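For reference, the sequence and a predicted model appear below.
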Amino acid sequence: MEQVSIKDLSQFVDQEVEIKAWVSNFRSSGKIAFWQLRDGAGFAQAILNSTDLDEVKWQEAQKVTLETSVKIIGKVSKHPKKEEYEIQVTDFEFYQIAEEYPIAKKDHGVDFLLDNRHLWLRSSKQWAIQRVRNTLISATYDFFRENDFIKIDSPILTPNACEGTTELFELDYFDNTAYLSQSGQLYLEAAIFAHKNVFDFGPVFRAEKSKTRRHLTEFWMMDAEMAFIDLAENLQVQEDLVRFMVTAVLEKNKAELEILERDIKPLENIIKPFYKITYTEAVNKLQELGSDIKDGADLGADDETKLTQEYDNPIFITHYPAAIKSFYMKRDEQDETKALCADLLAPEGYGEISGGSQREDDYNVLLKRIKEHKLSVEDFQWYLDLRKYGSVPHGGFGFGLERIVTWVCGIQHVRETIPFPRTIYRIKP
Ligand code: 4AD
Ligand code: MG
């Protein structure tokens, strides 16, 4: 007997196969029962007929509950109308008849679902989201590998801040204080001198007090850092990466996007060049759209939503005021008040998915910035050193994985994109 995965059923039409799965739904109409099976790779319907099974088995089949685990033996057939395959059950065996499943079909509030995240992960939408996330992760690795980037694993326990000191998780580190990393960027900057083009991909931490649908306290970032590049080249790499990632999902996750009811037109659209506007242009546009944003202020979540609703393709916003950006960003020679930086905003109201910049590569200017930002020169001495031994123009960017998954899946809230979300209100389960 061939042990098969639901995704391969089309290759086994009219053959008898064995499937190990969970019953994610079931219904019965007298002499016939339908079990919706979930085997990890997909969903398929098993049909049990009282005439095909002996009386004892048929009676046993009545004991099925939601999430019961089962081994099914049956013949594969194609759905008469749809591109779906079904199993006509000839025999089955329960691994376990599940207790009453807390997540029934009725609508639950999101808090209940999050409290039961360990179970909620099984439902079809959540299943689809994690599959899309997995494709986006694999595509990231594939893209960087194909483009000769070396993966550098940056540390999680760090002695200093990367993205400002207000959102740091602090912990006792023997006789010292350590912080959980906010971004691997500074360490990647060290690695470019050995490897030229590098990336990392791992969890980062922000003690975000924000309660928006875009913020987590623990999320996954992929940072990239490149030697000998300028801002335009940096944006080009991001554009290529996003295209590569989205194309991978469109190719590999058709069924998942269907479950999510994602309109794929806007995703197919990203073959066009991304929009590029300056911060000043963005502020003007936002004011026209009725925002009360002041010149010099950072874009709020509502501003990002408002702005990106106007676009059908991702948008780079460049040249933010240096005063609202990080200490390491190089300034624009034409206008010293602006940073050579760009945020990448996803369209359809989604907002920022990546932040990047040219880095200050001059020792004395960087020293001045560190002092201006009241950071410890001693702690950053290693980072300053990089500007002493073969300094080069360089830059990079960091993508928030969960923000991209949210956009690509077309869902509302970032908390559904990570298996076990952490926010200011939630550290369980
Ligand atoms: O814009 P950010 O803060 O940039 C950096 O950390 C740079 N050091 C990256 C670099 O240049 N290598 O964060 C990068 C991205 C954001 O664009 C956003 O997508 C995501 O990380 N992000 C968050 N995602 C979820 N929850 C949060 N609290 C996030 N904060 C940032
Ligand atoms: Mg940012």
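Okay, I see it. Remember, predicted model here, so these are calculated numbers, not experimental data. Ligands and ions are numbered 1, 2, ... in the order given.

mean confidence for stretch 148-167?
What stretch 148-167 shows for mean pLDDT is 90.

For that stretch, what is the distance to the chain centroid?
From the chain centre to the centre of stretch 148-167 is a distance of 19 Å (CA atoms, centre = their mean, to the nearest Å).

Can you check the distance spanned by that stretch, start to finish?
With CA to CA, to the nearest Å as the measure, the ends of stretch 148-167 fall 33 Å from one another.

So that stretch, near ligand 1 or not?
Yes. Residues of stretch 148-167 contacting ligand 1 under CB under 6 Å from any ligand atom: 162, 163. The C-beta positions use only the backbone N, C-alpha and C, and glycine is treated the same way.

Of all the residues in that stretch, which ones are buried?
Of the residues in stretch 148-167, 149, 152, 154, 158, 160, 161, 162, 163, 167 count as buried by neighbour count, 16 or more other CB atoms under 10 Å.

State the phi and psi torsions of the second one.
Main-chain torsions, residue 152, degrees, to the nearest 10: phi -120, psi 120.

contacting residues for it?
Counting by CB atoms under 8 Å, 6 or more residues apart in numbering, residue 152 makes contact with 184, 187, 188, 191, 195, 198, 199, 200.

So which of those residues are in strands?
Those of these mapping onto strands are 198, 199, 200, per DSSP state E.

a markdown table please, covering those residues and showing pLDDT, distance to residue 425 and neighbour count.
Shown next, in a markdown table, are the ones in strands among the contacts of residue 152 (pLDDT from 0 to 100; distance: CB to CB, whole Å; neighbours: other CB atoms under 10 Å):
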| residue | pLDDT | distance to residue 425 | neighbour count |
| --- | --- | --- | --- |
| 198 | 98 | 36 | 26 |
| 199 | 98 | 32 | 28 |
| 200 | 98 | 29 | 25 |
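
For my notes, please list these in TSV and give distance to residue 244 for each entry.
Shown next, in TSV, are the ones in strands among the contacts of residue 152 (distance: CB to CB, whole Å):
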residue	distance to residue 244
198	18
199	13
200	18
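
and the residues you listed as JSON lines, adding distance to ligand 1?
Converted to JSON lines, the ones in strands among the contacts of residue 152 look like this (distance: CB to the nearest ligand atom, whole Å):
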{"residue": "198", "distance to ligand 1": "11"}
{"residue": "199", "distance to ligand 1": "9"}
{"residue": "200", "distance to ligand 1": "9"}
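
Distance of the residue of the chain most remote from its centre relative to ligand 1?
Largest separation from the mean C-alpha position in the chain: residue 55, at 49.1 Å (CA atoms, centre = their mean). Distance of residue 55 to ligand 1, given as CB to the nearest ligand atom, to the nearest Å: 56 Å.

Also residue 141?
17 Å.

same check, this time on residue 254
For residue 254, the distance to ligand 1 equals 26 Å [CB to the nearest ligand atom].

what do you get for residue 195?
16 Å.

Identify the bridge partners of the nearest residue to that residue once chain neighbours are set aside.
With CB to CB, 6 or more residues apart in numbering as the criterion, residue 195 has its nearest non-adjacent residue at 4.3 Å, and that residue is residue 150. Beta-bridge pairing of residue 150 under DSSP bridges involves residue 198.
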